[in-house]
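*Asks:* quick one: sequence and predicted model below, then my questions.
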Amino acid sequence: MWAVILYRPPDTPSMPSALPIATACVLGVLGTTLNAAEPPGRVSFERDVAPLFRSACIGCHSGSDAKGGLDLTTTRTAMARGDDGPRIVPGQPAASPLLDRLIDGSMPPKGKSPRPTAVQIERVRHWIQQGAAWPPRLKLSRYDMTTDRWAGRDWWSLQPIHRPAPPPLPNGLTAANPIDRFVQAKLAEHRLTVNPPTDRRSFLRRVTFDLLGLPPTPGQLENFLADPAPDASRRLVDRLLASPHYGERWGRHWLDVIGYTESDGFEHDKFRPHSWRYRDYVVSSFNDGLPYDEFVRQQLAGDVLPNPSRKSIAATGFLVSGEWDEVQHVGSSKSEMRRAREEELAEMIGTVSGTFLGLTVHCCRCHDHKFDPLPQVDYYRIRAIFDGVDHSRGSKPGNRSILSDAEAKEIAQTKAPLIARQNTLNTELAQVRQLLPSEATLKAGSQPDKTLVDGQHGKALNAAHTYATLPSKTSYHQPPLTVECWGLARTRNKFNVFVANNPKTSEHWELYSFTGKGDFTVYMPAYKPATIRSGVVITDGRWHYLAMQFDGKSVRLFVDGKQVRHQVVTRIRKPGPLGTLDLGAYSPEPVGCDGAVDDVRISNFIRPITRDAPKAFTADKHTVGLWNFDAIRSGHFVDGSRKPGSPDVQEARRLEHRLTDQLQTVTTQIASLAPPVGYIGFRHQPGATHVLLRGDIKAQGPRVTPRGLSSLADLSGDLGLPADAPEAQRRRRFARWVTDGRNPLTARVMANRIWQFHFGAGLARNTSDLGFNGGRPTHPQLLDWLASELIRSNWDLKHMHRLMVLSTTYRQSSATRPKAAARDADNRWLWRFTPRRLEAEVVRDAMLAVSGELNSTMYGPSVQPFTVTVFNTHFYHLFDSPDARFNRRTCYRANVITGRDPLLDCFDCPSPSVATPQRRTTVTPSQALALMNNSFVLRQARLFADRVRRLASGSPGDQADWAVRLAFCRPATRGERTPLANLIRNHGLNHACWALLNSSEFLYSP
């Protein structure tokens, strides 16, 4: 009665050394318990034994790496013979080592799983005694049920959403809506009660910061306090939700969740100039009240949904919103590029699954998920959905038109005749300009100076600072050719008198290039020798008459009419086209040259060069270019080779003006049709997707088809797609699967997120992980009710905001009660409203709002408060500017990874390199130092004081009242007014306003 003796007959096989037998154990009254609990009749494996195997055994004893080689997932593997014999012997409990392990307590190991009860062990004994029947098609999985170590398919977040009835209210309590019934029922369970309502001023400040991210104005406070109507709060909330600032506030929350960045990160951290299209899409979608399910579908497949729009195509920037490693994708070996591609897809899948489904699907890339019912194959099935999405094509970034195919076709049809007309006008204009004098535009060279100097006669170009440029003509550099000019040089530093070049091909030739030796050269790369030196030093500070004759076979150089060089040349290739002709001593670097150049004449024949050269050149029938720098006209030098007043030139000029006007009109029309561009990545038809064993790119497993998750209770992951389905169809079907009303995750995740942003913590604490590691919700019925309400309201997010912020739970005071705090220090049961510090961006925006400097411009390219230098990587050099352009809301600041703002960083602004569904809140000395010393804060304090001076009288007391009213949205108390007035009187209003911006009340939502 007091002991159970387990006896093995002598003829039974010896036990394996790894599985010792407990020959006897003293069980106290266990014998009686076993007999009493002995199940009547036949034992059902599925009902009586499988639950124990699932909860206590197969966590270790399953799969190819099962501990001890024992796999308890199927009848075949469980009955298989090990190295030392079978572990389960049907009909012979005493010969089954598995039972011995359960009885002697060695399995499951201590701390791994709850100990099996005596009843459970006895059921296993009876099952073995009765033949160990196991349905042949029944395969056990660790995911079949939840344990204290992992979540099974019965985990709460995977179950269908049922709309629970709100519980009755405890006696004496009132509720504004069903939210309060659920909350107060939980409070009653824990012997807690809700706080009394907060005052109307605190509610206004709280809800305005929550919905807009900005402080209320004194006028809004006065209007709200003066409104006695019962629905005043509801109308206030409706006004806030209708404000365009609502989308900016909640759009910033969303960008946190997905890890939105406007630079690549990693080594190069290149800026993405068109990423802002996605940010603007998010802001406008919140403002427009886009239903959340459509919001989700557009981000996953907005470019392939029926009737795509610019907004829905821009929405797919979500897929490529994270970091991207250009170095590994472009400049590495093929294997490294494959690994980089796997990392890119893992980041994409992690963002998709965490954002919309609240699960860490990317954690089962190398193996089955350790904590959630997500087999490895699920990861690769979802990978097959996004296999055709790329950040880039080689080194080409993912900037693409956000026009739909229909729009692009329509625009192309509109542009075609305009482009044809543009080409015709360009041709006609080129023909007309051959009849006109060429104009050389005066430009600054290496230094910002376009002044002229005294020349041989009249004015000349300053060699160090100024040059003139004009379109090149073939006649300027084709033989026969004579080029003449007056030049002066005082130093031997390099500069050019005459350069013809083509920036696209680097084709150029130089005349009178001072090389540092004091002489000048001619450089003609199409001929050999290419460089011809004069050999005569002319750096004596005097004007010299310089000339070159070129007949195609030889070059002659002249100084002051005397030939100083004759060089035979051979053409080695056809000269390339030249784009521009630069006149004057232009050098791209400030090399300290000192010289000047005067009149230049080009002739299309071999003009005789004599010692008595004229100081001012004149034009004749052989002159193809003549520039006299006295003839300046609005910064232009006119070619004097043709008479400007001749009838043919006048007619050509009129025609040129008419054609130029027409060309400008057509060019403007074409430019207006340029497609808007967003950073949305590229798409391609993917090849076969295989499971990678252990995540190794070299260990390819079975091929998979695009599917959703396999663990949802009421929704199959089957998308009805073959393995080679078109890329567009994959994302389109998956988007519909995610937003299917039977998918329990999507609505739960978003309802929980909204709750978190209003109350400081989600009902389920980890808002992007509703799996095992995210824990269970504190108010599961409330979360399900909210999720069902979101679906029932046609996924209306603004409706959810109204429910939450108008609830008694939200409107309660934040006051602390010692007894309640002792029972619930973390406020998990919501007995008070938890005051929260403003986020970093809200702190900055609030300062701008209080100072009156907030620039409310919405949408468009991001503000870039930095300069960029590129040296292997991109360096972002921050600056603080008072320019109003930089006073836009912080959500419009370029969100680059390495160009971080120190003020924002101090207040826990997250890095865009990672998704941040929940921000941390720290209190550090650097925050106080930033508020005291940051140049932005000091400037806003001064501007805040200027605003107070405009609104208040010169009285320190009146100024104190206005300063408090603007900063805290309330009148100054008697205890505040006097010391603040004294501070203003003794140290100035600027100092007082600075002190208010440093106060805790300014930084916290009540």
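*Replies:* Okay, I see it.
*Asks:* test my guess that residue 565 contacts residue 529.
*Replies:* No - counting by Cβ atoms under 8 Å, residue 529 is not a contact partner of residue 565; they are 11.4 Å apart. Every residue, glycine included, has its C-beta placed from N, CA and C.
*Asks:* comparing the two, which residue is more hemmed in?
*Replies:* residue 565 (18 against 13; other Cβ atoms under 10 Å).
*Asks:* what strand or helix carries the more buried one?
*Replies:* strand 562-568 (DSSP states H and E).
*Asks:* so, low pLDDT: which residues of the stretch 851-1000 of the chain?
*Replies:* Applying pLDDT under 70 to the stretch 851-1000 of the chain flags no residue at all.
*Asks:* and the lengthiest helix in the chain, what does it pack against?
*Replies:* Within the chain, and with DSSP state H defining each element, the longest helix by residue count is helix 405-433. Using 3 or more Cβ pairs under 8 Å, 6 or more residues apart in numbering; DSSP states H and E as the contact definition, the elements that helix 405-433 packs against are helix 647-672.
*Asks:* related to what we said a few turns ago, now the strand holding residue 565, how far from the chain's geometric center?
*Replies:* Taking Cα atoms, centre = their mean, to the nearest Å, the mean C-alpha location of strand 562-568 is offset from the chain mean by 65 Å.
*Asks:* report the next helix or strand after it in sequence order.
*Replies:* Once strand 562-568 ends, the next helix or strand along the chain (criterion: DSSP H and E) is strand 570-571.
*Asks:* can you list the strands that that following strand pairs with?
*Replies:* Neighbouring strands of strand 570-571 in its sheet, by DSSP bridges, are strand 527-528 (antiparallel).
*Asks:* now do the partner strand: distance to the chain's middle.
*Replies:* The gap between where strand 527-528 is centred and where its chain is centred comes out at 54 Å by Cα atoms, centre = their mean.
*Asks:* in the helix or strand just after it, what's buried?
*Replies:* Once the chain leaves strand 527-528, the next helix or strand it forms, by DSSP H and E, is strand 531-533. Counting neighbours by 16 or more other Cβ atoms under 10 Å, one finds that the buried residues in strand 531-533 are 532-533.
*Asks:* for strand 531-533, which outside residues touch it?
*Replies:* 515, 519-524, 555, 557, 565, 567, 569 (Cβ atoms under 8 Å, 6 or more residues apart in numbering).
*Asks:* and the strands in the stretch 501-650 of the chain?
*Replies:* Shown for the stretch 501-650 of the chain, the strands assigned by DSSP state E, counting those that start in this stretch span residues 507-514, 520-523, 527-528, 531-533, 543-550, 554-559, 562-568, 570-571, 580-586, 595-603, 623-633, 636-639.
*Asks:* now the angle from the longest helix of the chain to helix 647-672?
*Replies:* Angular relation of helix 405-433 and helix 647-672 on a 0 to 180 degree scale: 170 degrees, by axes from the mean of the first three to the mean of the last three Cα atoms, to 10 degrees.
*Asks:* gap between the two ends of stretch 941-960?
*Replies:* The first residue of stretch 941-960 is 14 Å away from its last residue (Cα to Cα, to the nearest Å).
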